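Chemist: need a structure here:
(one chain, ligands or ions: 1)
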Amino acid sequence: ALTFQRVQFVMGLPLLKRAIQEQAENTKNFVSWSLAIGEVLSVADMATGVKRGIIHWLFGGAVRNLGSPGHVTKWLQPLQGQKYTGMFAVTERGHGSDVRGIQTQATFGLSAQEFVIDTPCENAEKMFVGNAMRGNYAAVFAQLIINGRSQGPHCCTVPVRDENGSLYPGVTAVDTMYKDGLRGVDNGILIFCEVRIPRENLLDKFGSVAPDGRSPSPIKNKSARFNGMLAAPTPSRLAVTFQAMGATKLGLTIAIRYSHRTFSSSQTKTLYSLNTNCSSSPALPPALGNPPSVTEFD
Ligand SMILES: Cc1cc2nc3c(=O)[nH]c(=O)nc-3n(C[C@H](O)[C@H](O)[C@H](O)COP(=O)(O)OP(=O)(O)OC[C@H]3O[C@@H](n4cnc5c(N)ncnc54)[C@H](O)[C@@H]3O)c2cc1C
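Modeler: Numbers count the residues shown, from 1 in each chain. Presented below is the predicted three-dimensional model:
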């Protein structure tokens, strides 16, 4: 709960609101800008940085990179206003690196003009989902089934909880409890049983479904389409390395500070020189400040 309060606080800061606005507008520098913010947040509190990353980069990134301009307007603006929070559900119990083999299904129903989201077996349960115990909507990767045939993995926005935190019918969420080092992030398992979503919830930049069930795509080859879809969330993956850099800088600062106290000044000369290499990145926004440099602790 504390991490969630912190996430709500940082997401309300003008700097963070601007970051999501720039994400929506796809401005030139929004990726490097977001990565720098993520790094700084992770130095302050890793769980807050990760949870905010799940909501903005993973859920928001899926909408931004896999959806149409209409999806961006519909889903990103309320996210910016904290009307709801999101999750990203690609990994399954039986399919981690092997995303192509996922088994969750999004079956198109022509008469109702909707998709039915299903977890057909245990191996298809969505695993490790961050924000699973609080999030309202999930960007769910599933095999798109039309007329009984799979069109390959596609991504849809699926409602999981209402604004009061109650799960929608057909959705089960299982808490996987604490992880060392990231106790504030609620990872969990999501299971879907005949969850109905409107046709418009398919994020259809790479492949859409027309009202008559046709599935036009700007990329005809299914493999190339799949590769395009997976390439789109790459900045979100990069964010993990930036968060790791933030944690490394913090660890190094603590180590240098500790050694400075422990050893005499002649022995710390080498550590001083480390400081010139590991201090702030020029990409860090000045408003957030830079991580403390060792000389500040002299
Ligand atoms: C803390 C945490 C949070 C996460 N949050 C989310 C989330 O919010 N949403 C989500 O969808 N997922 C999430 N994940 C899941 C994460 O994306 C997967 O763990 C990752 O994709 C790897 O899948 P896996 O764990 O099943 O490993 P596997 O795919 O089983 O891989 C195990 C090992 O085998 C290697 N390997 C796999 N395939 C091959 C191959 N073909 N050739 C050679 N080597 C191979 C891998 O490199 C790895 O070393 C999270 C994971 C963690 C640990």
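Chemist: use CA for all of it now, contacts and neighbours both
Modeler: OK.
Chemist: Next, the buried residues of the helix or strand in which residue 17 is found.
Modeler: According to DSSP states H and E, residue 17 maps onto helix 14-25. The neighbour-count check on helix 14-25 (16 or more other Cα atoms under 10 Å) flags 16-17, 19-24 as buried.
Chemist: helices and strands around it, which ones?
Modeler: For helix 14-25, the packing partners by 3 or more Cα pairs under 8 Å, 6 or more residues apart in numbering; DSSP states H and E come out as helix 30-44, helix 77-80.
Chemist: Buried deepest among these, which one?
Modeler: Highest mean neighbour count of the helices and strands packed on helix 14-25: helix 30-44, a mean of 21 (counted as mean count of other Cα atoms under 10 Å).
Chemist: Just the CA trace of it, in PDB.
Modeler: The C-alpha coordinates for helix 30-44 follow below in PDB (Å, rounded to 0.1, in the frame of the first residue of the first chain):
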ATOM      1  CA  PHE A  30      10.500  11.000 -24.700                       C
ATOM      2  CA  VAL A  31      12.300   7.600 -24.500                       C
ATOM      3  CA  SER A  32      15.600   9.000 -23.100                       C
ATOM      4  CA  TRP A  33      13.700  11.400 -20.900                       C
ATOM      5  CA  SER A  34      11.500   8.600 -19.400                       C
ATOM      6  CA  LEU A  35      14.600   6.300 -18.900                       C
ATOM      7  CA  ALA A  36      16.300   9.000 -16.900                       C
ATOM      8  CA  ILE A  37      13.200   9.600 -14.800                       C
ATOM      9  CA  GLY A  38      13.000   5.800 -14.200                       C
ATOM     10  CA  GLU A  39      16.600   5.700 -13.100                       C
ATOM     11  CA  VAL A  40      16.300   8.500 -10.600                       C
ATOM     12  CA  LEU A  41      13.100   7.100  -9.200                       C
ATOM     13  CA  SER A  42      14.800   3.700  -8.700                       C
ATOM     14  CA  VAL A  43      17.600   5.400  -6.800                       C
ATOM     15  CA  ALA A  44      15.000   6.900  -4.400                       C
END
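Chemist: quick one on the thing from earlier: can you redo the helices and strands packed on helix 14-25 as JSON lines with distance to residue 225 and mean pLDDT?
Modeler: Shown next, in JSON lines, are these (distance: least, Cα to Cα, whole Å; pLDDT from 0 to 100):
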{"stretch": "helix 30-44", "distance to residue 225": "23", "mean pLDDT": "86"}
{"stretch": "helix 77-80", "distance to residue 225": "27", "mean pLDDT": "87"}
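Chemist: Dump those into TSV; add distance to residue 170 as well.
Modeler: Shown next, in TSV, are the helices and strands packed on helix 14-25 (distance: least, Cα to Cα, whole Å):
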stretch	distance to residue 170
helix 30-44	34
helix 77-80	24
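Chemist: Would you mind saying which of those helices lies nearest residue 60?
Modeler: helix 77-80 (7.8 Å; Cα to Cα).
Chemist: Look at the residue of the chain found nearest the ligand and report its pLDDT.
Modeler: Proximity of the chain to the ligand (Cα to the nearest ligand atom) peaks at residue 96, 3.2 Å away. pLDDT recorded at residue 96 is 93.
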